[in-house]
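1. What shape does this take:
(chains A and B)
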Amino acid sequence: MIIDSSLLKEIVTTYGPSSREEKIRNLIANEIKEYVDEIKIDALGNLIAHKKGLGKKIMISSHMDQIGLMAIDIDEKGFIRFTNIGGIKPALLLGQRVRFENGTIGVVYSEKLEEDNKIKVDNLYIDIGTNGREETLNKVKIGDICIFQNEFLESDKVIISPYLDDRIGCYILIETIKNVMKNSNDLYFVFSVQEEVGMRGAKTAAFSIEPDIGLAVDVTSTFDTPKSEKLNVKLFNGAAIKAMDYSLIAHKDIKDALIELAEAKGIKYQIEVLEHGGTDAGAIHMSKSGVKTGAISIPCRYIHSQSEMVSKDDIIMCLELLKAYVE
Amino acid sequence: MLLEILTQANGVSGNEKEVRDIIYREVEKYADEIKIDKIGNLIVHKKGTKKSNKKVLFAAHMDEVGLIVTDIDEQGFIKFTTVGGIDKRILVSKTVNIGNKRVPGVIGAKPIHLQKNDERDNTIPLSDLYIDIGVDNRNEAEQLIEIGDYIAFNTKYEEFGDGYIKAKALDDRVGCSILIDLIKDDHIEYDFYAAFTVMEEVGLVGAGPAAYSVKPDISVILEGTVCYEMPELDSHLIPTQLGQGPAISLIDRHSLYDYELREKAIATAKRYNIPYQYRKTSSGGNDAGEIQVSRSGSKTLALSLATRYIHSTASMINKDDYYNTILLIKHLMPILCEGEENDNRF
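-> This is a model prediction of the structure:
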C-alpha cells in the first residue's frame, strides 16, 4: 500500500474551517461518489456516505473542519481583529500566514507588547496589505474565516503540514471507501463538521444514522518529544487504538476487536490513553440510547500548529486496521 | 410596555412559573396551539394564513439569574448561593425578594469601618454575605422562608433618558416581550413556532427538549446580550453598543451561527435601512447551542439586544433597538419561512 500524496495534499490544503466546510465537502463528495450507494448532507453540513451491506451498522467518522481565525472587527487603517475558531495558542500565531475563502492572503502580527510571552488573541491582528478600512472591506467581511497558509511538505518518512488534524482521517476514510472489498457490514462514512468547536456535527450525524457501532478516525498527540509528558503514544509506533480520552472510554468490545485484528494481521499498533482532548467518538457514544464506540488514532506531533507531523508508516497501519475492521 | 410587567415578575432559573403564566395569558387568544412541556417550556404554534416551507422556531428564555436560599442561621440571617452567572461584587447592599411570598430583604456584609485592609481590597466571598429579612432568630425566619426558596433582585422598571429602559432580568425578558409582540401581530402571515424556554442561565437546559419536540428547520434566538462600550476600549473589544440596532451573532462558546442565515439577516437590514451590528465577542452563549444539535441538527440565527450591566440587579437597553429588532424580524420572516433550496445537495 502506498500513500497517494497528490490526493492527500489536495485534501489537506482545501479550505474548510468549522462552519464553512462547503469546499472540502464538495471535494470529498466528488472523490467518493462513484464508490458509495448514497450521499447525504444534513442541516449542519455533515457529509454522510452510505455503503450498503448486510452486517452491523457501523458509523465511521472523521472531521473535515479545520481550526481558523474569524474576523470580528476592521479598524480605520484596515487591520483585521479576530477571534479563534477552535483551540489555538496565541503565541503560535505570531508571523503566521493566513488565507481567506476567497483567496485573500495576510499575516498575523501583534501590537507592540511589553512582554512577548503574554500574547493574547485580543492583542493580535491580521494584516492583508491594504491601505485603510474600505480597501480591507472589499476583500474581507466581518465573520469571514481564514486558515493557516503553510506548505505541505513530505520526506520519505513523514508529512508536515497544517490541518493533518483531521484531513489525514478524511484521507484514510476515502481510501477505505475506495478499497474496501465485499463489505459484509452496513457502512456509514461521516465527514463531520464543527468537531473543533465541540463535536457538534458527529452528534447530529449519529442521531440520524443510529449506528450499532461507532468509530472515530482522528489524530492523537504523541509523547516522544523533549520533556513531553509520560504517556504512551509515539510517532512511528503504528496505529493508535484508543483506550480513553477526555470525551470517551472506548467500549471494551471495540477496543479488543481492534487489538485482536491488529495482532492477527501483523498490523503495528499501540494503545492510546489521553488525559485531554476528545474526538467525534465522544459525541457518538452518547447518541440516543448509547452506541458501542471506539477510535483509531493517527499519532501526530504539534497538533493545532502550522506544522503538524505524521508518519507515513503510521498512516498505512491505520488504513490497514480500519479496512480490516470494517470488512 | 408589557416589558414592565415581564421584568417585575420573578423567574429565577427553575422557577419560571410566574413569568410563564403572564406569557400564557398574553398569547393564549392569538395561539393556535399552546402547550407547557414537562420541563416547563411554553411552546406556541401560530398557524398564520400562509404555510411555511421551512419550520421556523423563535426562542427566548423566560428565566433570569438570581439567588437561592441554602441555610438560615441562629440569628435568622439567610445564607444563599447564586443561580446562573453573577458577579459577586455587585451583591452587597442590594435589596431582594425571597420566595413566592416576596419576603423583602437586604444583602448584608461587614461595614467598611470594620473591614481590615485586605478585606477592603478583595471581593467579599459569598460565605461572608447574608440576607437580612428583619427578624430576630431562626424560628421567626422559618415562618417566612424555607431552604430552597428562590431569591430575585428587587429592581423597579424605569424608562429614562432618551429612550432607555432600566430593569432587572432584561436578559431575556426582552426576548420574551419581542416574541409575544410577534405572536400578537396579525400582519405576520406565516406559520411559525415560539418557544419560551426554562433554565437557559444554568446551562441551556430547556432549549434542547423544546427543539426536540418542535423539530425546527431554522431557529431564531432572541436574546439580551453583553454590552460594554467604555471610551478607552479599542473597537474590537466592544461586544455590542446600545442604540446600534439588533446584534447579529457570529460565534460564541456554543455556536457558530449559520452563514447563509446571517447573510440573509444582513441583506434584509440593509434593504430596509434597519441599523444592525455584529456581536463581536466569542464568549457567552445562548439556547442556539442546544437547539442546533437537537435530533439531526438545524440552522440557527441569533438576534440580540445590547444590554448594559447584564446579569446584575439593574440592566439597561435602548428602545430603538427593541423596535428595530422587531422590524428586522418582520421583514426577515417571509425569507426564512419561504426558504430557498440552494443547499448544494448531491
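2. pretty sure A:Ala243 contacts A:Ile249?
-> Yes. Contact criterion C-beta atoms under 8 Å: A:Ala243 and A:Ile249 qualify, at 7.5 Å. C-betas here are computed from N, CA, C, even on glycine.
3. Write out the residues of the stretch 1-150 of chain A neighbouring chain B.
-> Residues of the stretch 1-150 of chain A found near chain B (C-beta under 8 Å from any C-beta of the partner chain) are A:18-20, A:22, A:26, A:29, A:33, A:39, A:41-44, A:46, A:70, A:72-73, A:75, A:81, A:83-85, A:122, A:142-143.
4. List only buried entries from those.
-> Buried positions within those, assessed by neighbour count (16 or more other C-beta atoms under 10 Å in any protein chain shown), are A:18-20, A:22, A:26, A:29, A:39, A:41-44, A:46, A:70, A:72-73, A:81, A:83-85, A:142-143.
5. Now, the residues you listed that are in helices?
-> A:22, A:26, A:29 (DSSP state H).
6. Is the one residue in the stretch 1-150 of chain B that gets nearest to chain A in a helix, a strand, or coil?
-> Minimum separation of the stretch 1-150 of chain B from chain A (C-beta to the nearest C-beta) falls at B:Lys54, amounting to 10.6 Å. What DSSP: H, G, I helix; E, B strand; the rest coil gives for B:Lys54 is coil.
7. neighbours around residue 300, how many?
-> Using chain A. 25 (other C-beta atoms under 10 Å in any protein chain shown).
8. oops, I was thinking of chain B
-> Around B:Thr300 there are 31 residues (other C-beta under 10 Å).
9. Tell me the bridge partners for it.
-> B:Ser219 (DSSP bridges).
10. mind listing what it touches?
-> Contacts for B:Thr300 (C-beta atoms under 8 Å, 6 or more residues apart in numbering or on different chains) come out as B:218-221, B:255, B:257-258, B:261, B:288, B:291-292.
11. Dump the ones in helices among the buried ones among the residues of the stretch 1-150 of chain A next to chain B to JSON lines, plus distance to B:Glu33.
-> As requested, those are exported to JSON lines (distance: C-beta to C-beta, whole Å):
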{"residue": "A:Glu22", "distance to B:Glu33": "37"}
{"residue": "A:Asn26", "distance to B:Glu33": "40"}
{"residue": "A:Ala29", "distance to B:Glu33": "39"}
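12. what would those residues look like in CSV with distance to B:Gly297 and pLDDT?
-> Compiled in CSV, these are given as follows (distance: C-beta to C-beta, whole Å; pLDDT from 0 to 100):
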residue, distance to B:Gly297, pLDDT
A:Glu22, 16, 97
A:Asn26, 19, 98
A:Ala29, 18, 98
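13. from those, which single one is nearest B:Ile107?
-> B:Ile107 lies nearest to A:Glu22 out of these, by C-beta to C-beta, at 52.0 Å.
14. For A:Thr104, see how far away the closest one is.
-> Counting by C-beta to C-beta, to the nearest Å, the gap from A:Glu22 to A:Thr104 is 17 Å.
15. got the residues of the stretch 101-250 of chain B near chain A?
-> Counting by C-beta under 8 Å from any C-beta, the stretch 101-250 of chain B sits next to chain A at B:217, B:234-237, B:250.
16. Chain B: which of the ones in helices among the buried ones among the residues of the stretch 1-150 of chain A next to chain B is nearest?
-> Nearest to chain B among these is A:Ala29, at 5.5 Å by C-beta to the nearest C-beta.
17. Touching, that closest one and A:Ile48? I think so.
-> No. With contacts counted by C-beta under 8 Å, A:Ala29 stays clear of A:Ile48, the gap being 10.5 Å.
18. list the residues that contact both of those two?
-> Common neighbours of A:Ala29 and A:Ile48 (C-beta under 8 Å, 6+ apart) are A:Ile39.
19. what's the burial count for the residue of the stretch 1-150 of chain B closest to chain A?
-> For B:Lys54, the count of nearby residues is 20 (other C-beta under 10 Å).
20. per-residue confidence at A:Ile267?
-> Looking at A:Ile267, its pLDDT is 98.
21. oh, I was asking about A:Glu21
-> For A:Glu21, the predicted pLDDT is 97.
22. now swap in B:Lys51 and tell me
-> pLDDT, B:Lys51: 86.
23. if we can go back for a sec, quick check: of the contacts of B:Thr300, which lies closest to A:Arg301?
-> B:Ser255 (31.4 Å).
24. Touching, the closest one and B:Glu290? I think so.
-> No. Counting by C-beta under 8 Å, B:Ser255 stays clear of B:Glu290, with 9.5 Å between them.
25. And the helices in the stretch 1-150 of chain B?
-> B:2-8, B:17-27, B:117-121, B:138-144 (DSSP state H, counting those that start in this stretch).
26. want to throw the ones you listed into TSV with mean pLDDT?
-> TSV is the format used below for these (pLDDT from 0 to 100):
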stretch	mean pLDDT
helix B:2-8	97
helix B:17-27	98
helix B:117-121	88
helix B:138-144	97
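27. Do I have it right that B:Lys46 meets B:Asp191?
-> Yes. Between B:Lys46 and B:Asp191 there is a contact at 7.1 Å, judged by C-beta under 8 Å.
28. Settle it for me: which of these two has more neighbours?
-> Neighbour comparison, B:Lys46 and B:Asp191: the larger count goes to B:Lys46, with 22 against 19 (by other C-beta under 10 Å).
29. Please parse chain A into its domains.
-> Under the assignment automatic domain parsing, the domains of chain A span A:5-66+A:162-326, A:68-148.
30. Comparing those domains, which comes out most buried?
-> domain A:5-66+A:162-326 (a mean of 21; mean count of other C-beta atoms under 10 Å in any protein chain shown).
31. quick one: terminal-to-terminal distance for it?
-> Domain A:5-66+A:162-326 has an end-to-end distance of 24 Å (criterion: C-alpha to C-alpha, to the nearest Å).
32. so A:Lys77 touches A:Arg133, yeah?
-> Yes. A:Lys77 lies in contact with A:Arg133 (C-beta under 8 Å); the separation is 7.3 Å.
33. Kindly indicate whether residue 325 is helix, strand or coil.
-> No chain specified, so I'll use chain A. Looking at A:Tyr325 with three-state DSSP, the answer is helix.
34. ah, no, chain B please
-> Here B:Thr325 is recorded as helix under three-state DSSP.
35. try A:Pro299
-> What three-state DSSP gives for A:Pro299 is strand.
36. Quick check: the gap between it and A:Gly55.
-> Per C-beta to C-beta, A:Pro299 is found 29 Å from A:Gly55.
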